[in-house]
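Colleague: quick one: sequence and predicted model below, then my questions.
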Amino acid sequence: MASGVRFDTTDTTSPYTSTANVTGFNRLANLTNGLLVPYTLTNGDNWEMGWGHYDGTDFAVDIIAETWVDGTATYDDSDPAAISKSGTSTIRIDLNSASAFRGLPAMGAAGSSSKYLASGHIAQFEQSTSLTADNDTYIPFECRTQGKCTGMAVPVVTTASANAKVALYSIGSDGLPDKRLIANNTGGALATTVTTYTWDSSATIWVQPQWYYVAIISDGAPTLKGHAANYGGANPMGYSVSGRRPIAMSRYATGSYTTGLPDPANTGLTVVTGGAPNLCFIMA
């Protein structure tokens, strides 16, 4: 691992060869080979940011997260393409041991994600949770890394011939769900074991290490795999038992499957204390 890397390149596409070192900064060759690291590339007044790795010779881009094109004042953080380049570009890489991409827990074929959350909270046992038709259900979810999220996975016990829609929400200043960041409001049938939903229009969102709310609505009463109320940790709704165990696992409000999950989130939500479904990020 190495911090403070700066180098110039005349390449217009990845991978980028270092054609000149920038005085006073670390060298590309000092990066750990293969480690995924954050980068910023500037070319004139335009820039792109994302993740890439040193391949032992050059710097290869893996994920482009954001771009800015100054001439058209265009900012793009929805699966952007690389910016056009001419002349010399400068690439900088700044990281520490906490900023290296470590990914999210993967779902096992048998739904093993029901035993843990990406937040690191450990469920003492698996608890199935049934949805009520036309209820918007919001579950707090802590992401401890960053990356490109392409959708959401729903572990299923019984489908009840139901359909579902899912969405991702920001946390408001009151700790409750606020702005809808992205959604699958097209919906689709729940399948046994695990159902995956990609975001509408194949959109993506760059998630950061922070709390979110994941949300689901169904037109039926399926039973989903979930986690129990008695797991250690905290959640942004602030409810606890003896200051150590959260009892408010989710909140819900009456909605409409036909209309879909709203923007912004519902208000006047009812607290659920007996566990919550596990909705999992799908990462590119």
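Modeller: In hand now; what should we look at?
Colleague: just the CA coordinates of stretch 175-195, formatted as CSV?
Modeller: Provided in CSV are the C-alpha atoms of stretch 175-195 (Å, rounded to 0.1, in the frame of the first residue of the first chain):
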residue,chain,number,x,y,z
GLY,A,175,-33.0,9.3,12.0
LEU,A,176,-36.0,8.2,9.9
PRO,A,177,-36.1,7.4,6.1
ASP,A,178,-36.1,10.6,4.0
LYS,A,179,-35.2,10.9,0.3
ARG,A,180,-35.6,8.0,-2.1
LEU,A,181,-32.2,7.6,-3.7
ILE,A,182,-33.0,4.9,-6.2
ALA,A,183,-35.7,2.3,-6.7
ASN,A,184,-37.1,-0.7,-8.6
ASN,A,185,-40.7,0.5,-8.8
THR,A,186,-41.3,-1.7,-11.8
GLY,A,187,-41.6,-4.7,-9.5
GLY,A,188,-41.6,-8.4,-10.2
ALA,A,189,-42.6,-11.8,-8.9
LEU,A,190,-40.9,-13.1,-5.8
ALA,A,191,-39.0,-16.4,-6.4
THR,A,192,-38.1,-19.1,-3.9
THR,A,193,-34.8,-18.8,-2.0
VAL,A,194,-33.6,-15.4,-3.4
THR,A,195,-35.1,-12.8,-5.7
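Colleague: gap between that stretch and the chain center?
Modeller: 13 Å (CA atoms, centre = their mean, to the nearest Å).
Colleague: so which bits of that stretch are buried?
Modeller: 175-178, 180-185, 187, 190, 194-195 (16 or more other CB atoms under 10 Å). For glycine as for every other residue, the C-beta is placed from the backbone atoms N, C-alpha and C.
Colleague: among those residues, which lie within strands?
Modeller: Among the buried residues of stretch 175-195, the ones falling in strands (DSSP state E) are Pro177, Asp178, Arg180, Leu181, Ile182, Ala183, Asn184, Asn185, Gly187, Val194, Thr195.
Colleague: list the beta-bridge partners for the first one.
Modeller: Taking DSSP bridges, one obtains Ile171 as the residues bridged to Pro177.
Colleague: please look at it and Ala215 and confirm they touch.
Modeller: Yes - with contact defined as CB atoms under 8 Å, Pro177 counts as touching Ala215 (6.9 Å).
Colleague: what do the two both touch?
Modeller: Common contacts of Pro177 and Ala215 (CB atoms under 8 Å, 6 or more residues apart in numbering): Tyr138, Tyr169, Ala265.
Colleague: run a quick neighbour tally on the last one.
Modeller: Which is Ala265. Ala265 is flanked by 22 other residues according to other CB atoms under 10 Å.
Colleague: which of the three states applies to it?
Modeller: coil (DSSP: H, G, I helix; E, B strand; the rest coil).
Colleague: what's the spacing between the closest residue to it other than its chain neighbours and Val156?
Modeller: Spatial nearest neighbour of Ala265, excluding adjacent residues (CB to CB, 6 or more residues apart in numbering): Pro177 at 3.7 Å. Pro177 sits 23 Å away from Val156, going by CB to CB, to the nearest Å.
Colleague: thanks a lot, see you next time.
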